[in-house]
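> fold the following, please.
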Amino acid sequence: MEFLLVIVVLAAVVFVVAKTQKRSSATQLEDAKADARQSIERLGGQVFNLVGSDTPSKQALADASERYTAAGSQIDQATTPAQARLAKQTALEGLYYIRAARIAMDMDPGPEVPTLDGQKAAGTVTEDREVEFEGRQVAASPNPSSRTPNYYPGGRVAGRPVPAGWYSEPWWRPALVAGAWGVGSMFLFSAMFSGMSGVGYSANEFESGAGDASQELGDSADAGDMGDTGDMGDTGGGDFDLGGGDFGGFDF
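So this is what the prediction gives:
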C-alpha cells in the first residue's frame, strides 16, 4: 500500500513539474515574440513612411522592406524563443538599413539600433577603396554615393565576416544565396580591405571565418536579452539586392 502511495506521489510530482515547465516555456516564447514584434512594428512604421530620394536611399529602403517582410514571416512561424529572437535580429537589420537610408538623404538617422550578432567583429569600412576584380571595378566607402549605393550593416554571411559600409555591388550576395563562399572571395577581400584600420583581421582569418574574438565577446554582451541566434549570415544577415554587378567571378 505504501509502495502504491509513493508511486502516486511521484507521478503527481512529475505531472506538476512538467506542467510548470510547459507553462514557463510558453511564457518565454510569448515574451520573446512580444519583444520581436516591437522591433518589427518600429521597422514597419519607417518602411511605410519613408520614400527614397536617390539611388543609395532607395536601395537601402528596398532592403529594409525585404527585412520587414522576412521578419514578419519568421515571427508568424516562430515556435521557440530562439526563432522569435531570430525574427528580432532580422528586424534590427532592417532598422540599420533605415538608418542608412536616412543618412543618405541627409536626415537625422534616428535612435541607435542594438548591435547585431557578429557586427563588431566584422569591422567597418573606414576609407574609400576601389579594386579591380575579375575584370570589373569593385568599390567600398564609408559613405553613400552613386558609385557605392549598396549598404551592408556588418555581420556574418555564410560564416565569414563582412564589414559594414557602402559598396558598388553586394559582393557578399553569391555566398548568401549559395550558402558558401567561392574561391575568389578571399582575393577580393584581401585586395579591398588589406591594411584598412576598421577591419582588424586578415584575408586568411576571413577565409577561416575568424574575426576579433574580443569583439565577438562584446557582441554577446551588447546583445543582452536578444540571446544567441547563431550565424546570422545564413539566415538573412546579408543583402538581398538583386542588382549590382556581374557575380560570375565567384567560383562555386
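> report the residue ranges of every domain in the protein.
Structurally, the chain divides into domains by automatic domain parsing as follows: 19-104, 119-241.
> could the C-alpha coordinates of the helix or strand hosting Gln89 be exported in CSV?
Using DSSP states H and E, Gln89 maps to helix 81-104. C-alpha atoms of helix 81-104 as CSV (Å, rounded to 0.1, in the frame of the first residue of the first chain):
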residue,chain,number,x,y,z
PRO,A,81,12.2,31.7,-28.2
ALA,A,82,15.3,31.3,-30.3
GLN,A,83,13.2,31.5,-33.5
ALA,A,84,11.5,34.7,-32.2
ARG,A,85,14.8,36.2,-31.4
LEU,A,86,15.9,35.4,-34.9
ALA,A,87,12.9,37.4,-36.2
LYS,A,88,14.0,40.3,-34.0
GLN,A,89,17.6,40.2,-35.5
THR,A,90,16.1,40.4,-39.0
ALA,A,91,14.0,43.4,-37.9
LEU,A,92,17.1,45.0,-36.4
GLU,A,93,18.9,44.5,-39.7
GLY,A,94,16.1,46.3,-41.4
LEU,A,95,16.4,49.2,-38.9
TYR,A,96,20.1,49.6,-39.8
TYR,A,97,19.0,49.9,-43.5
ILE,A,98,16.5,52.5,-42.4
ARG,A,99,19.3,54.5,-40.7
ALA,A,100,21.4,54.1,-43.8
ALA,A,101,18.6,55.5,-46.0
ARG,A,102,18.1,58.4,-43.7
ILE,A,103,21.8,59.2,-43.7
ALA,A,104,21.9,59.0,-47.5
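> hey, least reliable of the domains of the chain by pLDDT?
Mean pLDDT is lowest for domain 119-241 out of these, coming in at a mean of 80.
> returning to that earlier point: tell me which other helices or strands the helix holding Gln89 touches.
In this structure, helix 81-104 packs against helix 2-49, helix 55-77, with contacts taken as 3 or more CB pairs under 8 Å, 6 or more residues apart in numbering; DSSP states H and E. Any C-beta I mention is one placed from the backbone N, CA and C, and that applies to glycine too.
> can you pull the buried residues of that helix?
Of all the residues in helix 81-104, those buried under the rule 16 or more other CB atoms under 10 Å are 81, 83-104.
> repeat that for stretch 150-159.
So, applying 16+ other CB under 10 Å, buried residues of stretch 150-159: 150-158.
> which residues of the stretch 101-250 of the chain fall in helices?
Applying DSSP state H, counting those that start in this stretch to the stretch 101-250 of the chain gives helices spanning 119-122, 173-178, 184-193, 203-208, 213-223.
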